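Undergrad: structure here, sequence nowhere to be found:
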Ligand code: ARG
Ligand code: MN
Ligand code: MN
Ligand code: MN
């Protein structure tokens with residue numbers, strides 16, 4: 001695979017400082033070397049540095065909209081370009097508001113090639129707020145509603161942009177949902193596998209269902225990996241820790257199954273906050289996770305019968 005790294009030093013969506021250091025920490029933790037060792041071709045396109053979007057309003061219910069909106073536009077265009085030229089966009093975040101751009105860019109690409117886009121959202125949070133429902137006003141709690149067309153955040157991207165069908169969004173690891181967010185998720189049919197279902201069914205059963213659905217539809221699969229999906233004991237470098245997260249082994253198994261499927265088209269690594277991390281531990285965990293997704297194996301498996 002030809003992988004293009006896209007650094008997104010965005011922290012203004014998160015309500016605190018530090019996530020802008022994420023791309024640098026992931027590079028220092030060896031993301032490019034890891035990919036090269038797994039026989040991928042790697043291009044690092046550097047970090048996006050858009051000027052704030054002067055045409056966007058200041059909105060007390062969507063903090064730092066001029067900056068988040070500028071990154072959304074720049075990343076949407078970059079991800080679309082990389083995917084269109086046959087590359088795999090690997091987004092180094094940056095807070096989770098960046099997924100407004102990455103997923104919208106993939107949605108435009110998917111519409112163009114006539115394939116449905118599915119999204120696997122690995123996160124403690126559903127990120128399905130809108131300016132109207134958000135308790136915090138932080139845009140990193142809104143990207144899923146945004147790319148599904150359910151959160152109108154001024155005119156960040158053109159009104160006719162391709163959207164993601166909420167029924168094609170699979171959320172795994174969820175354990176923190178706001179009251180209005182819960183209603184919206186239900187109403188729009190987002191597929192939520194919360195921590196309880198993960199405990200009851202196990203990740204392998206859940207992932208099999210997700211992957212079979214994507215494969216039956218000949219879909220593209222965008223994976224969005226929020227550091228807080230994993231338990232904070234393993235990955236403490238994140239601003240919004242929630243106890244009881246996925247274990248190291250569960251997370252790796254998900255990545256290995258994704259790798260075997262061959263269905264993944266694009267990946268976000270988000271919410272890493274090196275300022276809160278413990279000697280690079282969380283950055284290294286993210287690189288390990290990405291290694292499993294990009295093909296690192298303990299041993300080869302027999303291929304699954306069709
Ligand atoms: N639900 C909360 C909010 O909307 C927290 C969102 C956390 N999101 C994240 N990407 N870490 O403010
Ligand atoms: Mn703020
Ligand atoms: Mn998130
Ligand atoms: Mn989260």
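TA: It's in. These figures come from a predicted structure and were not determined experimentally. Ligands and ions are numbered 1, 2, ... in the order given.
Undergrad: around ligand 3, pick out the residues from the stretch 151-300 of the chain.
TA: residue 226 (Cβ under 5 Å from the ion). C-beta: built from backbone N, CA, C; applies to glycine.
Undergrad: redo that, cut-off 8 Å
TA: Within the stretch 151-300 of the chain, the positions near ligand 3 by Cβ under 8 Å from the ion are 224, 226, 228, 240, 270-271.
Undergrad: among these, name the ones in strands.
TA: 224, 226, 270 (DSSP state E).
Undergrad: most surrounded residue in these?
TA: Highest neighbour count within those: residue 270, with 33 neighbours (other Cβ atoms under 10 Å).
Undergrad: show me what the most centrally placed residue in the chain is bridged to.
TA: The centroid of the chain falls nearest to residue 224 when counting by Cα atoms, centre = their mean (1.9 Å). Beta bridges link residue 224 to residue 121, residue 268 when assigned by DSSP bridges.
Undergrad: isn't it up against residue 126?
TA: No. Look at residue 224 against residue 126 with Cβ atoms under 8 Å: they stay out of range, at 11.8 Å.
Undergrad: can you put the residues of the stretch 151-300 of the chain next to ligand 3 in a markdown table and add pLDDT?
TA: Converted to a markdown table, these look like this (pLDDT from 0 to 100):
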| residue | pLDDT |
| --- | --- |
| 224 | 99 |
| 226 | 99 |
| 228 | 98 |
| 240 | 97 |
| 270 | 99 |
| 271 | 98 |
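Undergrad: which of those are close to ligand 4?
TA: Within those, those near ligand 4 by Cβ under 8 Å from the ion are 226, 228, 240, 271.
Undergrad: dump the residue contacts of the closest residue to residue 277 other than its chain neighbours.
TA: Spatial nearest neighbour of residue 277, chain neighbours left out: residue 237 (2.9 Å); criterion: Cβ to Cβ, 6 or more residues apart in numbering. Counting by Cβ atoms under 8 Å, 6 or more residues apart in numbering, residue 237 touches 25, 227, 272-274, 276-278, 281-283.
Undergrad: type out the PyMOL command that picks the buried ones from these.
TA: Entered in PyMOL, the line below selects the buried ones among those, by 16 or more other Cβ atoms under 10 Å:
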select buried, resi 25+227+272+273+274+276+277+282+283
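Undergrad: ok so, going back, ligand 1: which of the ones next to ligand 4 among the residues of the stretch 151-300 of the chain next to ligand 3 is nearest?
TA: residue 240 (4.0 Å; Cβ to the nearest ligand atom).
Undergrad: could you report the neighbour count for that closest one?
TA: 23.
Undergrad: same question, residue 197
TA: 15.
Undergrad: give me phi/psi at it?
TA: phi -70, psi -30 (degrees, to the nearest 10).
Undergrad: pLDDT score assigned to it?
TA: On the pLDDT scale, residue 197 is placed at 97.
Undergrad: ok, now which ones touch the residue lying closest to it once chain neighbours are set aside?
TA: Distance criterion Cβ to Cβ, 6+ apart; nearest residue to residue 197, sequence neighbours excluded, is residue 206 at 6.9 Å. Residue 206 makes contact with 172, 193, 197-198, according to Cβ under 8 Å, 6+ apart.
Undergrad: possible to save the residues you listed as TSV with secondary structure and distance to residue 105?
TA: Formatted as TSV, the contacts of residue 206 follow (DSSP: H, G, I helix; E, B strand; the rest coil; distance: Cβ to Cβ, whole Å):
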residue	secondary structure	distance to residue 105
172	strand	22
193	strand	26
197	helix	30
198	helix	29
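Undergrad: I appreciate the help and will end here.
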